[in-house]
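>>> build me a structure from this.
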Amino acid sequence: MSRPVLVGPNTYNFEEITLTLVREGGGERVADGPDLAAKVLGLLSDRARRERMGRRARMVFDSERGAVGRVMRLVDGLLEE
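You can find the predicted model right below:
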């Protein structure tokens, strides 16, 4: 949907994609409720930043699309050996 992504501090079960989103500029980590509110207000007041982050988030998700299928093909190949 090409939207910026804000995540909380606890992303242990999806840390890799979170790190990629943050590194590529499509997402930001928030520490707590007040930090979330500030970041949401910042995004709402800055259309260019919001759209830029959204485009970058979309690029990250598009590049990750199909990852499960690729991993399963690798696993199947190993099991056949």
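
>>> avg pLDDT for stretch 3-10?
Averaging pLDDT along stretch 3-10 gives 96.

>>> measure it end to end?
Stretch 3-10 has its terminal residues 20 Å apart, counting by CA to CA, to the nearest Å.

>>> which residues belonging to that stretch are considered buried?
Buried residues in stretch 3-10, counted by 16 or more other CB atoms under 10 Å: 4, 5, 6, 7. C-beta coordinates here come from the backbone N, C-alpha and C atoms, glycine included.

>>> mind putting these into TSV with distance to residue 53?
Shown next, in TSV, are those (distance: CB to CB, whole Å):
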residue	distance to residue 53
4	4
5	8
6	9
7	13
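
>>> what is the nearest of those residues to residue 63?
residue 5 (14.3 Å; CB to CB).

>>> so who does the closest one touch?
21, 26, 27, 28, 53, 57 (CB atoms under 8 Å, 6 or more residues apart in numbering).

>>> now swap in residue 64 and tell me
By CB under 8 Å, 6+ apart, the neighbours of residue 64 are 17, 20.

>>> ok, 10 Å please
Contact analysis of residue 64 by CB atoms under 10 Å, 6 or more residues apart in numbering lists 16, 17, 20, 21.

>>> need the per-residue pLDDT for the last one.
I take that to be residue 21. 96.

>>> settle this for me: it is touching residue 60, isn't it.
Yes - Residue 21 lies in contact with residue 60 (CB atoms under 10 Å); the separation is 5.3 Å.

>>> any residues in contact with both of the two?
Common neighbours of residue 21 and residue 60, using CB under 10 Å, 6+ apart, are 5, 27.

>>> which one of these two is surrounded by more residues?
residue 21 (26 against 19; other CB atoms under 10 Å).

>>> what are the buried residues along the helix or strand containing the more buried one?
According to DSSP states H and E, residue 21 maps onto helix 15-24. By neighbour count with 16+ other CB under 10 Å, helix 15-24 contains the buried residues 17, 18, 20, 21, 22.

>>> ok, and what's touching the next helix or strand after it?
Following helix 15-24 in sequence order, the next helix or strand is strand 27-29 (DSSP H and E). By CB under 10 Å, 6+ apart, the list of residues contacting strand 27-29 from outside reads 3-9, 11, 17-22, 35-36, 39, 42-43, 53, 56-57, 60.
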